[in-house]
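>>> Structure for this input, please:
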Amino acid sequence: MGKVLKLQDLLQKVSEAKADMKTIVTTNGCFDIIHAGHVRYLKEAKTLGDLLIVCLNSDESIRRLKGPERPLNCEADRAEVLASLSSVDYVVIFEEDTPSEVLEKIKPDIHVKGGDYTEETLPEAPIIKKGGGIVKFIPLLEGRSTTGLINRINSGG
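As a prediction, the model looks like this:
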């Protein structure tokens, strides 16, 4: 079956994990160009539970959020790269602008985001709390961002 799953297949895996009393951790994002900041973030997120599920923005979702020039890598490629990381157990692609609908179904124990967010600015925070989970924030690795990489490439630097 692999690590990149359709939502229905993922929900079956989540149900089995919860029956085994495993802690479900989720995170979400575009992960357009995987860099060291992403890798460290995902490793740390994995330490918080038994299963780490990455909810990945679809190509259309990214275009709505970041403009017509993005993503640089298609969703299938981004999902494959994420799935190759040992810290990631499953990847699910979502079409909406936020992962709230997917998270409402998964009901993770812990949802993780980068330190550039707060509970007040995180759209999915109320969904996590409503489902009985908690939100944790992991500090970002200074100077590492996809946007920063793109800007450096575009400026020739």
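>>> Which parts of this protein are strands?
24-29, 51-57, 90-94, 110-114, 134-138 (DSSP state E).
>>> Reformat those strands as CSV; add mean neighbour count and distance to A45.
Every residue, glycine included, has its C-beta placed from N, CA and C. Shown next, in CSV, are these (neighbours: other CB atoms under 10 Å; distance: least, CB to CB, whole Å):
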stretch, mean neighbour count, distance to A45
strand 24-29, 23, 5
strand 51-57, 26, 6
strand 90-94, 23, 13
strand 110-114, 22, 4
strand 134-138, 16, 6
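>>> Quick one: closest of those strands to E16.
The closest of the strands of the chain to E16 is strand 51-57. By CB to CB, the value is 9.9 Å.
>>> tell me what the closest one is packed against?
helix 7-19, strand 24-29, helix 36-46, helix 75-83, strand 90-94, helix 100-106 (3 or more CB pairs under 8 Å, 6 or more residues apart in numbering; DSSP states H and E).
>>> make it 6 Å
Judged by 3 or more CB pairs under 6 Å, 6 or more residues apart in numbering; DSSP states H and E, strand 51-57 is in contact with strand 24-29, strand 90-94.
>>> Turn the strands of the chain into TSV, columns for mean pLDDT and distance to E80.
Putting the strands of the chain into TSV (pLDDT from 0 to 100; distance: least, CB to CB, whole Å) gives the following:
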stretch	mean pLDDT	distance to E80
strand 24-29	97	16
strand 51-57	98	11
strand 90-94	98	9
strand 110-114	95	21
strand 134-138	96	23
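>>> Which of the helices and strands packed on strand 51-57 sits closest to S84?
Comparing the helices and strands packed on strand 51-57 by CB to CB, strand 90-94 comes nearest, at 10.0 Å.
>>> next one: that closest one to chain centre, how far?
Centre-to-centre, strand 90-94 and its host chain are 8 Å apart (CA atoms, centre = their mean, to the nearest Å).
>>> switch to numbering from 6
From this message on, residue numbering opens at 6, which makes the last subject strand 95-99.
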